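# please work out how this folds:
(chains A and B)
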Amino acid sequence: MSVNARITTHVGDFDLDVSVTCAPGETVALLGPNGAGKSTLLRTIAGLRPVDDGRIIVDDSVVDDPSSRIFVPPERRRIGVVFQDYVLFPHMTVRQNVAFGPRSTGADDSGVDHWLDALGIADLSDRKPAQLSGGQAQRVALARALATSPRLLLMDEPLAALDAATRMEVRGRLRHHLTDFPHGTLLVTHDPLDALVLADRIIVIEGGRVTQDGPTAQVAAEPRTDYLAALLGVTLVRGRAQDGLIECQGGGTLISSSTASTGEVVALVRPQAITLHRERPEGSARNTWQTTVTGIDVLGDQVRVTLSGPPALVAAVTPAAVADLGIVPGQSIWATLKATDITVHPA
Amino acid sequence: MSSRTRQAPVPRLILVMAAIAFAFLALPLIGLLVEAPWGQLPELLSTPAAQEALRLSLVTSITAAGIATMLGVPLAWVLARRSFPGRTLVRGLILIPLVLPPVVGGVALLTAFGRRGLIGQYLYDWFGIQLPFSTAGVIMAEAFVAMPFLVITVEGALRGMDGRFEDAARTLGASPTRVLFRVTTPLIAPSLIAGAVLAWARALGEFGATITFAGNFPGVTQTLPLAVYSALEVSREEAIALSVVLLAISFIVLISLRGRLLGGRG
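Numbers count the residues shown, from 1 in each chain, chains lettered A, B, ... in the order given. Modelled structure (predicted):
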């Protein structure tokens, strides 16, 4: 086990109470909204703040455990950290930044050249951080962290400081480096794409608690919280299922073609699967109901129409459809949804 | 449109008062430069008394600024980085010398380090050390008034700096000492230098605390400001000549700190 952390800590009124693990060679994304406690969690594992209660174990050695009065300071944890905005030392050159770690620990700094080469920043050696682009600074920050031969790598929003075009390129390269890194990596992000591309496993953190933890593909396919569902572009409906008939928690029923799950379930609906009509439509769709429009949001090339329910859902339609149907908030409207477009998972 | 930046109109009264304020500050300096006996300056400044005062002032003010920096930086660091009960009180006490009349500072130093003072009596009885009316006393008086300048400047810089630089250094394996010398100090260097120069300028100009605690003995405790004061009773020209030297030094200090004090837009 590369890291096994059970952490309870309080920051003002906010309390963080989570358990996270990361195996050697595994990349785990800590995904969650701003203020969920992700960065506090990273700082705690790095040793920049102590846990109030719990225990952090890195490679079989306890680094923080108040019950046995153990606290290993950050400089002796051998945990590499790539900070948000990179936090490169502005008064040092790229080379001095990367060499800072090895020199701090009295290690031989012959590895510095290796990391400058590996990350393709050797030709930037003599530059100061102010002279670097965002993508270059990100590589220097990664080289600086890896040059200390860490036994665990922590990355706090490694791509958030980059513009969209650079982010895509850097994400691809980062994935390559993380695959080469033999130890565990914990990566904090609020961007689902980062998590989907980079991580083997996703831990979702909301309000200081772990709300979902599983392999990336599974978490992406079966979001269990409204936050994650919205993030992935699906609507999540909780309810009780019996033979494909779902009694929704907030009222209303849905008919799904997946009849395997019985009892407490979460049903996932893609907003694009819902069609809207002015009159009661005739057709094959098993779910047809009348509802009221409560909100309209333009999102890229789609318009998201919030429906009051029951059941409460979001439909994604084209701007042309909004114009044709003359959709306005408060309007009564008919919605249809095919039974095959509802996936059901045990809750 | 003209190429000048358009500015909001200012009430005439404000402009008049601003001009008076400027004249009030500038005229005495102009007076000093106009009245200065430029021809005799080398002669006036090369008298043994002037030379002694100049030498003594440089030695004591640089030493005092050095002590203020060496002791003031750790104090600033503790105030900026550690919370402890009574921190506000400690900060308040440190700032008192900034607003205290220097003469009172001199009296206070006497009560602490004078021959019958709180600590001074033991220094004298046990070690035969007598601080008042000595060159060491001058340095103490100067450091007493100068150190707060350094402490508040450096403390402000430490509070203003992004603590994550220090966090990053620690995760890279740097000991707290290495973090202090390789990361914190270089990052606050501009403020540290400014604070040290301000402290030095304050030490150089120190008069009240010095004359009260250390007296006015040529060659031992008579620094430049004290020499100016004494010269005024004997030779106006010599007082002006010494004043010009202090003005020149102040001007150089101002130039060296222009970015910080003049608030230029560069």
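
# so which bits of chain A are right by chain B?
Within reach of chain B by Cβ under 8 Å from any Cβ of the partner chain, chain A has these residues: A:43, A:46-48, A:73-81, A:83, A:87, A:89-91, A:100-101, A:104-105, A:144-145, A:148. For the C-beta atoms, the positions are set from N, CA and C on the backbone; glycine is no exception.

# among these, name the buried ones.
By neighbour count, with 16 or more other Cβ atoms under 10 Å in any protein chain shown, these hold A:43, A:46-48, A:74-75, A:77-81, A:83, A:87, A:89, A:91, A:100-101, A:104-105, A:144-145, A:148 as buried.

# which members of these are positioned in strands?
A:Ile79, A:Gly80, A:Val81 (DSSP state E).

# so which of the residues you listed comes closest to chain B?
The shortest approach to chain B among these belongs to A:Val81, at 4.3 Å (Cβ to the nearest Cβ).

# mean confidence (pLDDT) on stretch A:102-118, please.
Per-residue pLDDT values over stretch A:102-118 give a mean of 88.

# which one is the spatially most central residue of chain B nearest to, not counting chain neighbours?
For chain B, the residue nearest the mean C-alpha position is B:Arg202 (2.1 Å; Cα atoms, centre = their mean). Excluding the flanking residues, the one nearest B:Arg202 by Cβ to Cβ, 6 or more residues apart in numbering or on different chains is B:Ala146, at 4.4 Å.

# for my notes, confirm the one you found occurs in a helix.
Yes - counting by DSSP: H, G, I helix; E, B strand; the rest coil, B:Ala146 is part of a helix.

# residue contacts, it?
Shown in contact with B:Ala146 (Cβ atoms under 8 Å, 6 or more residues apart in numbering or on different chains): B:Ala64, B:Ala65, B:Ala68, B:Ala199, B:Trp200, B:Arg202, B:Ala203, B:Glu206.

# thought the fourth one was touching B:Phe144?
Read it as B:Ala199. No - using Cβ atoms under 8 Å, B:Ala199 makes no contact with B:Phe144, being 11.0 Å away.

# of these two, who's got more company?
A direct count of neighbours by other Cβ atoms under 10 Å in any protein chain shown for B:Ala199 and B:Phe144 places B:Ala199 higher, at 28 against 25.

# now the more buried one: how far from B:Met147?
7 Å (Cβ to Cβ, to the nearest Å).

# please apply the same query to B:Thr60.
14 Å.

# what residues does B:Val59 make contact with?
B:Thr135.

# now name the helix or strand holding it.
Per DSSP states H and E, B:Val59 falls inside helix B:48-81.

# what's downstream of that helix, the next helix or strand?
helix B:87-99.

# ok, and what's touching that next one?
By Cβ under 8 Å, 6+ apart, the list of residues contacting helix B:87-99 reads B:Leu75, B:Leu79, B:Gly105, B:Phe144, B:Val145, B:Met147, B:Pro148, B:Phe149, B:Val151, B:Ile152.

# in the helix holding B:Val59, what's buried?
B:49-50, B:52-54, B:56-57, B:60-61, B:63-69, B:72-73, B:75-77, B:79-80.

# and the residue of the stretch 151-300 of chain A closest to chain B?
Nearest to chain B in the stretch 151-300 of chain A, going by Cβ to the nearest Cβ, is A:Leu154, at a distance of 8.3 Å.

# that residue contacts A:Leu186, correct?
Yes - in this structure A:Leu154 lies within contact range of A:Leu186 using Cβ under 8 Å: 5.2 Å.

# which residues are common contacts for those two?
By Cβ under 8 Å, 6+ apart, the residues touching both A:Leu154 and A:Leu186 are A:Leu42, A:Ile45.

# near the residue nearest to B:Leu247 when sequence neighbours are not counted, how many other residues are there?
For B:Leu247, ignoring the flanking residues on the chain, the nearest one in space by Cβ to Cβ, 6+ apart is B:Leu32 at 6.2 Å. By other Cβ under 10 Å, 14 other residues sit near B:Leu32.

# which residues sit in contact with residue 228?
Let's take chain A. Going by Cβ under 8 Å, 6+ apart, the list of residues near A:Leu228 reads A:Leu31, A:Val204, A:Thr211, A:Gln212, A:Val219.

# nope, chain B please
Here B:Val228 is in contact with B:Ala239, B:Leu242, B:Ser243, B:Leu246 (criterion: Cβ under 8 Å, 6+ apart).

# need the pLDDT of the residue nearest to A:Arg95 when sequence neighbours are not counted.
With Cβ to Cβ, 6+ apart as the criterion, A:Arg95 has its nearest non-adjacent residue at 4.2 Å, and that residue is A:Ser125. Here the pLDDT value assigned to A:Ser125 is 94.
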